[in-house]
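> Make a model of this:
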Amino acid sequence: MIMKKTILILLIVLIPAMSFGQKKEKEKIKLSVNGYVKSDFFWDTRQTVSAREGHFLLFPAPVKPDADGVDINDGLNFNFLSIQSRVGLSLVGGSIFNAKVSAKIEGDFFGQLNPNINVFRLRHAFIKLNWTSTELLLGQYWIPMFVTDCFPGTISFNTGVPFQPFGRSPQIRLTHKMGKVKLIAIANSQRDFATRGPNPASPALSLPSSQYLRNSAIPELSAQVHLKPISNIWLGIGASYKQIIPQTVTPQKYKTRESLGGFNSIAFAKFKTKKITIKVQAIYGQNMPDVLSIGGFAVADSTDKAKGFVTYATLNTASAWLDLHTNGKKIIVGIFGGYSKNLGATQDVIGPFYGLGTTVESVYRISPRVVYKSNNVKFALEGEYTLANYGITRNAKGVPTDNTAVSNFRLLLACFYLF
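Predicted coordinates for the structure are as follows:
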């Protein structure tokens, strides 16, 4: 009797478990690991405006005279770093709402700020739901203005910044394909790449923070149309709207909800043949330091000096870049060129100014490269000449004037092991 009861209990427990095991096997998750180990060795001819101990270069630092008028920022310097090395996990398997499910999580050792350089940080973390013609992405991914079908192929980790908008953000992204056309709608917030606005402790100083966008209660909204008329041509346009609230309380301790909206737009094209690839993009934007472009916003007027109430105006930027490279299997030769112009505001402004490179009137870069590949190993050499025009005064629209040109040449040697 005891034996019969034992067998019955085992059957009750094991039959559902076996059924569950069979079901799980049908929905088996496939896991793959990818990434690379990369080391960068670089030399500069002057100090730079950059991140992570000079690794992520934006543009050359302005002239900084000492007591004798000698430029302190002029002088050779170098660094060796491996912080760009990254690892990612890709998962595919399962379904929900008749959609196939996949996910990806990826990180590197770049850190979020200079003090935590070498610390592992999150790059991508998203879930995808794929139907026949529609895809829903939920999580952290590239910003809307960074088009993965068309971006610079530079060796430098700056990937064409400040000409190419750059960053990753938590978002909801819906993509729908209709033949050769792809429609994309995105709502995103900010995290590591954030708007620069007044520092509550010192309102005249600029502070990067996601709070300016969060306080508006409206995520950044974007729409894009991508077209692939034939197999080797990609075309696209896109636009975004972003609203921020720079302050919730004035320096005089009065509540304020003064907001500032801005539009951004892009147009891109990519042409690929058997031997060569050409990519080009044009950008116009308002208040774009969150994507590492020059510009920002400024105080336009003081409406109540006693209480500290002000209005704002965006500082507008136009940029364009071209990237060309060969498609060899072992040796690739390429060149990148970019130009960015500070257009100022559409109305008179009084300041202060908040953003990135607000004293830069324009900046351009020419960057040739050569890459040698063999199996999983890649060696690359790149030169990067960047010139920035700094203004010592501004006109009524906030455009820097009385400009001085400063330049930097970076020589970069990089080695990769891809897995």
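> for this protein, which spans come out with low pLDDT?
1-27 (pLDDT under 70).
> So for it, the centremost residue is which one?
G167 (1.6 Å; CA atoms, centre = their mean).
> and the nearest residue to that residue once chain neighbours are set aside, how many neighbours?
Of all residues not flanking G167 in the chain, F193 sits nearest, at 3.2 Å (CB to CB, 6 or more residues apart in numbering). Backbone N, C-alpha and C define where each C-beta goes, glycine included. By other CB atoms under 10 Å, 17 other residues sit near F193.
> State the three-state secondary structure for F193.
With DSSP: H, G, I helix; E, B strand; the rest coil as the basis, F193 sits in coil.
> Over to the one 5 residues further on?
Reducing the assignment to helix, strand or coil with three-state DSSP, the entry for P198 is strand.
> Name the residues of stretch 287-295 that are buried.
Buried residues in stretch 287-295, counting neighbours by 16 or more other CB atoms under 10 Å, are found at N287, M288, P289, D290, V291, L292, S293, I294, G295.
> Quick one: end-to-end distance for it.
6 Å (CA to CA, to the nearest Å).
> Return the distance of that stretch from the chain's centre.
Stretch 287-295 sits 10 Å away from the centroid of its parent chain (CA atoms, centre = their mean, to the nearest Å).
> Give me the contacts around it.
If you take CB atoms under 8 Å, 6 or more residues apart in numbering as the criterion, stretch 287-295 is touched by 58, 143, 145-146, 161-163, 165-167, 190, 193-196, 208, 242, 244, 260, 262, 264, 283, 285-286, 296-297, 314-317, 319, 340, 342, 355-358, 360, 363.
> Okay, and which of those map to strands?
Among those, the ones falling in strands (DSSP state E) are 58, 196, 208, 242, 244, 260, 262, 264, 283, 285-286, 296-297, 314-317, 319, 340, 342, 355-356, 360, 363.
> just to revisit the earlier point, quick check, the residue nearest to G167 in contact with Q171.
No: counting by CB atoms under 8 Å, Q171 is not a contact partner of F193; they are 11.9 Å apart.
> The residue nearest to the centre of the chain and F419, how far apart?
Distance from G167 to F419, counting by CB to CB, to the nearest Å: 26 Å.
> And stretch 247-260, what's buried?
Quick answer for stretch 247-260 (16+ other CB under 10 Å): Q247, T250, T256, S259, L260.
> do the same with stretch 353-368
353-365, 367.
> Could you single out the nearest of these to P203?
Set against P203, the nearest of those by CB to CB is Y354 (9.5 Å).
> for S362, what are its contacts?
Y339, S340, K341, N342, A388, N389 are the contacts of S362 under CB under 8 Å, 6+ apart.
> Dump the residues you listed into CSV; add neighbour count as well.
Converted to CSV, the contacts of S362 look like this (neighbours: other CB atoms under 10 Å):
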residue, neighbour count
Y339, 15
S340, 27
K341, 19
N342, 27
A388, 28
N389, 18
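> Of those residues, which is the nearest to A99?
Using CB to CB, those come closest to A99 at S340, 40.2 Å.
> isn't the closest one right next to T317, touching?
Yes: assessed by CB under 8 Å, S340 is found in contact with T317 at 6.3 Å.
> For burial, what's the neighbour tally of the residue lying closest to L91 once chain neighbours are set aside?
Nearest residue to L91, sequence neighbours excluded (CB to CB, 6+ apart): A103, at 4.6 Å. Counted by other CB under 10 Å, the residues lying close to A103 total 18.
> Next: F419.
Counted with other CB under 10 Å, the neighbours of F419 add up to 9.
> Identify the residues contacting the nearest residue to G261 once chain neighbours are set aside.
Spatially, and ignoring its direct neighbours in sequence, G261 is nearest to Q243 (4.5 Å; CB to CB, 6+ apart). By CB under 8 Å, 6+ apart, Q243 lies in contact with L213, S216, I218, S259, L260, G261, G262.
> Give me the buried entries from these.
Neighbour counting by 16+ other CB under 10 Å classes L213, S216, I218, S259, L260, G262 among these as buried.
> Would you mind giving these as a markdown table with distance to H325 added?
Converted to a markdown table, the buried ones among the contacts of Q243 look like this (distance: CB to CB, whole Å):
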| residue | distance to H325 |
| --- | --- |
| L213 | 35 |
| S216 | 40 |
| I218 | 39 |
| S259 | 43 |
| L260 | 39 |
| G262 | 33 |
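> Closest to L113 out of those residues?
So of the buried ones among the contacts of Q243, ranked by how close each gets to L113 (CB to CB), first place is L213, at 19.2 Å.
> what about the closest one, helix or strand, and which?
helix 211-214 (DSSP states H and E).
> how near is V371 to H55?
19 Å.
> Specify the beta-bridge partners of the closest residue to R123 other than its chain neighbours.
Once flanking residues are discounted, R123 sits nearest to E106: 4.6 Å by CB to CB, 6+ apart. Beta-bridge partners of E106, counted by DSSP bridges, are G88, H124.
> give the contact list for E106.
Counting by CB under 8 Å, 6+ apart, E106 has contacts G35, R86, V87, G88, L89, L122, R123, H124, A125.
> Using the three-state scheme, assign the residue nearest to P144 when sequence neighbours are not counted.
Among residues not flanking P144 along the chain, S222 sits closest, at 3.8 Å (CB to CB, 6+ apart). Using three-state DSSP, the structure places S222 in strand.
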